[in-house]
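S.K.: No sequence on hand, only this structure:
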């Protein structure tokens, strides 16, 4: 569902149809991956069945009988519902998640990609549909249709930052992660959102390391712990990656570092 939602966002200005390329080697996960793509708005499915075996140096799907059986079953099930799926639309999302080009140009690690992906998964697993927004969509006023924006990117264009500020003043809810929105498209300091969040001094620590969920993060010891204040003081969160220490101006503090 994640790449389909990214593609759907990219094609949204022109209402372009979305397709998904599904590798068919894993018979156990193929049905779930197919249904996820369909339920997130894919209208075109291409199944990658490479082979024959003698022409490849790695595994071959074309001669993998379990994979072919799973693929046949999935296609028949999709065909039975095709009349409904063809004109079906994904539900309108009230939650948006940033995917800004300015950050991609300046980032030095994969931390924000992981933050974006896992924020998306957390929301999706709680049954909140999510739309991705890039800076052009935000600058063009697309935020108006959303109640919440999760901002994960460190770099935000000045025009997009002003649009976010106006949207928050108008009643929108902004959620940021460590370091989000503090630099502009030229990697220069940006005060727009810092002022909006009602903080003064901000210091962001960005450990230079890998951030892959399965290979990197499980190996790291927490650098600190975030402890919530009453009535949520039973909740503690380990700090693994970026850490943003800040001084509030008039903002209400609900949690602190150890």
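M.R.: Received the coordinates, thanks. If you're wondering where the values come from, they're calculated on a predicted model, not measured in any experiment.
S.K.: Let me know how buried residue 61 is, in neighbour terms.
M.R.: By the measure other C-beta atoms under 10 Å, the count of residues near residue 61 is 21. Glycine gets a C-beta too; all of them are placed from N, C-alpha and C.
S.K.: Test for you: state the pLDDT assigned to it.
M.R.: Predicted confidence (pLDDT) for residue 61: 78.
S.K.: show me the contacts for it.
M.R.: Residues counted as contacts of residue 61 (C-beta atoms under 8 Å, 6 or more residues apart in numbering) are 23, 24, 25, 48, 49, 50, 51, 67, 68.
S.K.: That one and residue 71, how far apart?
M.R.: Separation of residue 61 from residue 71 (C-beta to C-beta, to the nearest Å): 8 Å.
S.K.: Restricted to helices, list the contacts of residue 61.
M.R.: Per DSSP state H, helices hold the following members of the contacts of residue 61: 67, 68.
S.K.: Could you write me a ChimeraX select line covering just the buried ones among the contacts of residue 61?
M.R.: Only the buried entries of the contacts of residue 61 go into this ChimeraX selection, using 16 or more other C-beta atoms under 10 Å:
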select :24,25,49,67
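S.K.: could I get the contacts of residue 61 as JSON lines with pLDDT and distance to residue 17?
M.R.: Formatted as JSON lines, the contacts of residue 61 follow (pLDDT from 0 to 100; distance: C-beta to C-beta, whole Å):
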{"residue": "23", "pLDDT": "85", "distance to residue 17": "21"}
{"residue": "24", "pLDDT": "81", "distance to residue 17": "22"}
{"residue": "25", "pLDDT": "80", "distance to residue 17": "26"}
{"residue": "48", "pLDDT": "83", "distance to residue 17": "19"}
{"residue": "49", "pLDDT": "78", "distance to residue 17": "23"}
{"residue": "50", "pLDDT": "74", "distance to residue 17": "25"}
{"residue": "51", "pLDDT": "70", "distance to residue 17": "28"}
{"residue": "67", "pLDDT": "87", "distance to residue 17": "27"}
{"residue": "68", "pLDDT": "88", "distance to residue 17": "27"}
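S.K.: Let me know the closest of the contacts of residue 61 to residue 33.
M.R.: residue 23 (8.6 Å; C-beta to C-beta).
S.K.: Now the closest one: closest residue in space that isn't a chain neighbour?
M.R.: residue 48 (4.6 Å; C-beta to C-beta, 6 or more residues apart in numbering).
S.K.: For the stretch 1-150 of the chain, give me the ranges with low pLDDT.
M.R.: Applying pLDDT under 70 to the stretch 1-150 of the chain flags residues 53, 55-60.
S.K.: where along it do the helices fall?
M.R.: Remark: helices assigned in the stretch 1-150 of the chain by DSSP state H, counting those that start in this stretch are 2-11, 30-39, 65-80, 82-87, 101-106, 111-125, 135-139.
S.K.: if I look at residue 145, how far off is residue 232?
M.R.: In terms of C-beta to C-beta, residue 145 sits 31 Å off from residue 232.
S.K.: Same check on residue 146?
M.R.: With C-beta to C-beta as the criterion, residue 146 and residue 232 are 26 Å apart.
S.K.: okay, now the residue nearest to residue 141 when sequence neighbours are not counted: neighbour count?
M.R.: Leaving aside its chain neighbours, residue 141 sits nearest to residue 163 (7.0 Å; criterion: C-beta to C-beta, 6+ apart). Residue 163: 22 surrounding residues under other C-beta under 10 Å.
S.K.: and the strand or helix carrying residue 163, what's its mean pLDDT?
M.R.: According to DSSP states H and E, residue 163 maps onto helix 158-169. For helix 158-169, the mean per-residue pLDDT is 97.
S.K.: Contacts made by it with the rest, please.
M.R.: The contact list for helix 158-169 (C-beta under 8 Å, 6+ apart) reads 100, 135, 138-139, 141, 143-144, 149, 151, 156, 172, 174, 181, 184-185, 190, 192-193, 196.
S.K.: Any chance of a ChimeraX selection covering the buried ones in those?
M.R.: Selection of buried members from these for ChimeraX, criterion 16+ other C-beta under 10 Å:
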select :100,135,138,139,143,149,151,156,172,174,181,184,185,190,192,193,196
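S.K.: Fine, thanks again, bye for now.
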